[in-house]
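Engineer: turn this into a model:
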Amino acid sequence: QAQLVESGGGQVQIGDSLSLSCAISGHDMTLMAGGWFRQAPGKEREFVAVIDWSGRITRYSDSVLGRFSISRDNAKKSLYLRMNSLRPEDTAVYYCTAGERPFKMGTSTTDFAFWGQGTQVTVST
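Structural biologist: This next block holds a predicted model:
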(Lines give C-alpha, C1' and ligand atoms only; values in the text may rest on other atoms or scores of the structure.)
Protein backbone atom coordinates (compact mmCIF):
# COMPACT_ATOMS: atom_id res chain seq x y z
CA GLN A 1 0.00 0.00 0.00
CA ALA A 2 1.38 3.38 -1.02
CA GLN A 3 2.12 5.89 1.71
CA LEU A 4 2.84 9.56 1.09
CA VAL A 5 3.98 11.74 3.96
CA GLU A 6 4.29 15.49 3.57
CA SER A 7 6.48 17.72 5.70
CA GLY A 8 7.67 21.30 5.81
CA GLY A 9 4.43 23.19 6.29
CA GLY A 10 4.12 26.04 8.75
CA GLN A 11 3.21 29.65 9.29
CA VAL A 12 5.12 32.36 7.42
CA GLN A 13 4.83 36.02 6.55
CA ILE A 14 3.89 37.56 3.21
CA GLY A 15 6.78 37.30 0.78
CA ASP A 16 8.50 34.50 2.65
CA SER A 17 9.56 31.18 1.18
CA LEU A 18 8.80 27.64 2.26
CA SER A 19 9.76 24.21 1.02
CA LEU A 20 7.55 21.14 1.23
CA SER A 21 8.74 17.56 0.97
CA CYS A 22 6.89 14.34 0.32
CA ALA A 23 8.32 10.93 1.13
CA ILE A 24 6.78 8.07 -0.83
CA SER A 25 6.88 4.42 0.15
CA GLY A 26 5.11 1.26 -0.98
CA HIS A 27 4.74 2.53 -4.56
CA ASP A 28 7.16 2.47 -7.46
CA MET A 29 7.28 6.08 -8.62
CA THR A 30 9.93 5.54 -11.26
CA LEU A 31 7.55 5.96 -14.22
CA MET A 32 4.75 7.85 -12.46
CA ALA A 33 3.90 11.50 -12.34
CA GLY A 34 3.85 13.30 -9.03
CA GLY A 35 1.96 16.38 -8.01
CA TRP A 36 0.87 18.88 -5.41
CA PHE A 37 -2.66 20.08 -4.79
CA ARG A 38 -4.05 22.38 -2.12
CA GLN A 39 -7.34 22.97 -0.37
CA ALA A 40 -8.36 26.12 1.44
CA PRO A 41 -11.23 26.17 3.96
CA GLY A 42 -14.59 26.03 2.21
CA LYS A 43 -13.03 25.46 -1.20
CA GLU A 44 -12.43 22.49 -3.44
CA ARG A 45 -9.06 20.86 -3.76
CA GLU A 46 -7.15 22.58 -6.55
CA PHE A 47 -4.19 21.76 -8.72
CA VAL A 48 -0.87 23.42 -7.89
CA ALA A 49 1.90 21.64 -9.79
CA VAL A 50 2.76 18.35 -11.49
CA ILE A 51 6.01 16.77 -12.62
CA ASP A 52 6.43 13.92 -15.07
CA TRP A 53 8.26 10.69 -14.37
CA SER A 54 11.58 11.98 -15.68
CA GLY A 55 11.49 15.29 -13.88
CA ARG A 56 11.94 17.17 -17.15
CA ILE A 57 8.34 18.29 -17.70
CA THR A 58 6.42 20.39 -15.20
CA ARG A 59 3.13 22.25 -15.19
CA TYR A 60 1.78 24.84 -12.79
CA SER A 61 -1.47 26.54 -12.05
CA ASP A 62 -1.62 30.15 -13.18
CA SER A 63 -1.82 31.32 -9.58
CA VAL A 64 1.60 29.90 -8.67
CA LEU A 65 3.45 30.04 -11.99
CA GLY A 66 6.74 31.81 -11.53
CA ARG A 67 6.65 31.54 -7.74
CA PHE A 68 6.52 27.79 -7.05
CA SER A 69 8.82 25.07 -8.27
CA ILE A 70 8.19 21.32 -8.22
CA SER A 71 10.97 18.77 -8.31
CA ARG A 72 11.60 15.11 -7.57
CA ASP A 73 14.34 12.73 -6.59
CA ASN A 74 13.49 9.22 -7.77
CA ALA A 75 16.42 7.72 -5.91
CA LYS A 76 15.06 9.14 -2.67
CA LYS A 77 11.44 8.48 -3.66
CA SER A 78 10.58 12.05 -2.88
CA LEU A 79 8.70 15.01 -4.28
CA TYR A 80 9.38 18.62 -3.40
CA LEU A 81 7.61 21.95 -3.71
CA ARG A 82 9.55 25.15 -3.32
CA MET A 83 7.26 28.13 -2.67
CA ASN A 84 8.54 31.69 -3.01
CA SER A 85 6.88 35.07 -2.61
CA LEU A 86 4.07 33.57 -0.58
CA ARG A 87 0.74 35.37 -0.40
CA PRO A 88 -2.22 35.10 1.98
CA GLU A 89 -4.22 33.37 -0.77
CA ASP A 90 -1.65 30.55 -0.73
CA THR A 91 -2.92 29.58 2.71
CA ALA A 92 -4.24 26.02 2.47
CA VAL A 93 -3.57 22.40 3.28
CA TYR A 94 -1.09 21.12 0.70
CA TYR A 95 -1.35 17.52 -0.50
CA CYS A 96 1.26 15.41 -2.21
CA THR A 97 -0.05 12.94 -4.76
CA ALA A 98 1.22 10.17 -7.02
CA GLY A 99 -0.07 8.59 -10.19
CA GLU A 100 -0.32 4.88 -10.91
CA ARG A 101 -0.30 4.78 -14.73
CA PRO A 102 3.17 4.91 -16.28
CA PHE A 103 3.99 8.06 -18.21
CA LYS A 104 0.50 9.49 -17.54
CA MET A 105 0.52 13.14 -16.50
CA GLY A 106 -2.49 15.25 -15.62
CA THR A 107 -3.74 18.17 -13.57
CA SER A 108 -6.99 16.77 -12.23
CA THR A 109 -7.49 14.98 -8.94
CA THR A 110 -8.77 12.01 -10.94
CA ASP A 111 -5.36 11.67 -12.64
CA PHE A 112 -3.80 10.59 -9.34
CA ALA A 113 -4.32 7.48 -7.25
CA PHE A 114 -2.48 8.06 -3.98
CA TRP A 115 -2.58 10.98 -1.59
CA GLY A 116 -0.83 12.14 1.53
CA GLN A 117 -2.57 13.45 4.63
CA GLY A 118 -1.63 17.04 3.90
CA THR A 119 0.43 19.73 5.55
CA GLN A 120 -0.84 23.15 6.56
CA VAL A 121 0.67 26.29 5.07
CA THR A 122 -0.46 29.59 6.55
CA VAL A 123 0.65 32.95 5.19
CA SER A 124 0.01 35.77 7.62
CA THR A 125 -0.53 39.41 6.76
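Engineer: distance check, the spatially most central residue of the chain against Gly26.
Structural biologist: Nearest to the geometric centre of the chain sits Trp36, at 2.0 Å (C-alpha atoms, centre = their mean). Per C-beta to C-beta, to the nearest Å, Trp36 is found 19 Å from Gly26. Placement of C-beta: from N, CA and C, glycine included.
Engineer: what are the ranges of the strands in this protein?
Structural biologist: All strands of the chain, identified by DSSP state E, fall at 3-7, 10-13, 18-25, 34-39, 46-51, 58-60, 68-73, 78-83, 92-98, 114-115, 119-124.
Engineer: each with direction, which strands does the shortest one pair with?
Structural biologist: This means strand 114-115. Strand 114-115 has its sheet partners listed here by DSSP bridges as strand 92-98 (antiparallel).
Engineer: what's in contact with the partner strand?
Structural biologist: 2, 4-6, 9, 20, 22, 24, 27, 29, 32-40, 43, 45, 48, 79, 81, 109, 112-121 (C-beta atoms under 8 Å, 6 or more residues apart in numbering).
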